[in-house]
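> predicted structure and sequence below. I'll ask about it afterward.
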Amino acid sequence: MNVYTLLVEVGRTKNDGLPDGCTGAALMCYAAGRDEAEAVRETVAILKQADLSPLDVTGYGTLDERLAEGHEIDDDERGLMTRALDENSVIIAQMQPFFKGCGAVSDDDPPQF
């Protein structure tokens, strides 16, 4: 079993719990799975159960894969990854809502974490 880092973009649905006025959000997740495909399937299923509407998932790999690519991973992030593995779960580590016209980033640009 591994833990995969996933960036999930979600759209709006009724009762999704996202802030009023936002057009969607990006969620940084750590998900346990035998492979990345399983981690994605489990994450999408859980988000749908939470009345969220997953639109796109980008995988960043396992801890070892990310370290090999030169990503800096602090102790807090490692702790969340360990928790996802220990609990065989999906951990939503960060949520960034999207608002039309806010900031210097285009609404079409992907979120930056």
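The structure has been received and is ready for your questions.
> C-alpha from now on. contacts and neighbour counts both.
Noted.
> now do the contacts for residue 73.
Residues near residue 73 by CA atoms under 8 Å, 6 or more residues apart in numbering: residue 67.
> how about 10 Å then?
Taking CA atoms under 10 Å, 6 or more residues apart in numbering as the criterion, residue 73 is in contact with 63, 66, 67.
> what do you get for residue 11?
By CA under 10 Å, 6+ apart, residue 11 lies in contact with 18, 22-26, 52-56, 97-98.
> how about a cut-off of 8 Å?
23, 24, 25, 52, 53, 54, 55.
> what about it, distance to residue 28?
Separation of residue 11 from residue 28 (CA to CA, to the nearest Å): 15 Å.
> do residue 7 as well
To residue 28, residue 7 is 5 Å away according to CA to CA.
> thinking again about what came up before, most neighbours among the contacts of residue 73, which one?
Neighbour counts for the contacts of residue 73 peak at residue 63, which has 18 neighbours (criterion: other CA atoms under 10 Å).
> by contact count, what packs against the one helix or strand residue 97 maps to?
Residue 97 belongs to strand 90-98 when assigned by DSSP states H and E. Applying 3 or more CA pairs under 8 Å, 6 or more residues apart in numbering; DSSP states H and E, one finds that strand 90-98 contacts strand 24-33, helix 36-49, helix 75-87.
> low pLDDT regions in this protein?
Applying pLDDT under 70 to the chain flags residues 102-113.
> who has more neighbours, residue 7 and residue 28?
Neighbour count, other CA under 10 Å: between residue 7 and residue 28, residue 7 has more, with 24 against 20.
> now the helices and strands packed on strand 90-98 as TSV including distance to residue 2?
Converted to TSV, these look like this (distance: least, CA to CA, whole Å):
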stretch	distance to residue 2
strand 24-33	6
helix 36-49	8
helix 75-87	7
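> who wins for proximity to residue 93 among these?
With CA to CA as the measure, strand 24-33 is the member of the helices and strands packed on strand 90-98 nearest residue 93 (5.5 Å).
> ok, residue 77 - how many residues close by?
Burial measure for residue 77: 14 neighbouring residues, criterion other CA under 10 Å.
> many thanks, have a good one.
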